[in-house]
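J.: output the structure for:
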Amino acid sequence: MKLLKNLLVVIAATGVMGSAQAQTPGNIFNLGTLTPTVTATTDAFASGSFLDTFNFTLDATHHIVTGTTDSTNVGNLNFQLLDSGNTLLFTGLNLHQDLAPGDYHALISGNVITPPGNGQFTFKVAANPEPAEWMLLLCGLVVAGFIARRKIDLVAG
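T.: Below is the predicted model of the structure:
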C-alpha cells in the first residue's frame with residue numbers, strides 16, 4: 001500500500017512538472033545609473049514565454065524611481081523589482097518607489113499571445129530627486145535672487 005502511495009505521488013509530481021511551461025530566459029539589459037531622463041527599452045518575442053532582466057543603479061541624488069510597462073500581444077505580463085540581495089520590493093506594472101542608493105534589478109515576464117504572435121513590451125524608467133531636494137534648490141535660488149537684488153540696489157543708490 002505504501003509503495004502504491006509513493007508511486008502515485010511520483011506520477012502526480014511528474015505530471016505537474018511536465019505540464020509547466022518553461023520560461024525562455026530573455027535578454028539582460030544593463031541600464032547603468034538612472035537619471036531623471038526616461039530610459040525606454042523595448043523587447044520583442046515571436047512566441048512562447050519570456051523573462052527579461054533589467055539591471056540598474058541608484059546614486060545618492062536620485063531616490064524616487066518611476067516606471068511603466070506597456071505591452072502588445074503579451075498575456076500575463078508581470079513586473080518584479082528586487083534589490084541586490086534578491087529581496088522582492090515591488091510587483092505591479094506602474095512603479096513609483098522611494099528607494100535607497102544601490103543596485104537593483106527588475107524582472108519582466110509574460111507569454112506571447114498566439115495567434116498572431118510577435119509579442120512586444122516597453123519598459124520605461126527614470127529616477128527623480130526627492131521633493132526635499134527640489135525645495136532646497138528652490139530656497140537656494142530665492143536666496144541668490146535676494147542677494148543679487150540687494151547688490152543691484154546698493155550699486156544704484
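
J.: could you use CA atoms for every contact and neighbour count after this?
T.: Noted.

J.: where along this protein do the helices fall?
T.: Secondary structure of the chain (DSSP state H): helices at 2-19, 131-156.

J.: which residue packs closest to the residue nearest in space to the middle of the chain, ignoring adjacent ones?
T.: In the chain, the C-alpha nearest the mean C-alpha coordinate belongs to Ala106, at 4.5 Å (CA atoms, centre = their mean). Nearest non-adjacent residue to Ala106, counting by CA to CA, 6 or more residues apart in numbering: Leu81, 4.5 Å away.

J.: which stretch in the helices of the chain is the model least sure about?
T.: Sorting these by mean pLDDT places helix 2-19 lowest, at a mean of 48.

J.: count of neighbours near Asn94?
T.: 16 (other CA atoms under 10 Å).

J.: which residues does it contact?
T.: Shown in contact with Asn94 (CA atoms under 8 Å, 6 or more residues apart in numbering): Thr66, Gly67, Thr68, Thr69.

J.: count the residues that sit near Phe79.
T.: Neighbours of Phe79 (other CA under 10 Å): 21.

J.: please apply the same query to Val155.
T.: Residues near Val155, counting by other CA under 10 Å: 7.

J.: any idea how far Ala148 is from it?
T.: From Val155 over to Ala148 the distance is 11 Å, taken as CA to CA, to the nearest Å.

J.: low-scoring stretches of the chain, by residue?
T.: 1-25, 115-116, 130-134, 157 (pLDDT under 70).

J.: show the buried residues in the contacts of Asn94.
T.: Neighbour-count burial (16 or more other CA atoms under 10 Å) is assigned, among these, to Thr66, Gly67, Thr68, Thr69.

J.: can I get the residues you listed in a markdown table including distance to Gly26?
T.: Formatted as a markdown table, these follow (distance: CA to CA, whole Å):
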| residue | distance to Gly26 |
| --- | --- |
| Thr66 | 23 |
| Gly67 | 20 |
| Thr68 | 19 |
| Thr69 | 16 |
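
J.: surely Ala106 and Asn78 touch.
T.: No: with contact defined as CA atoms under 8 Å, Ala106 does not reach Asn78; the gap is 10.2 Å.
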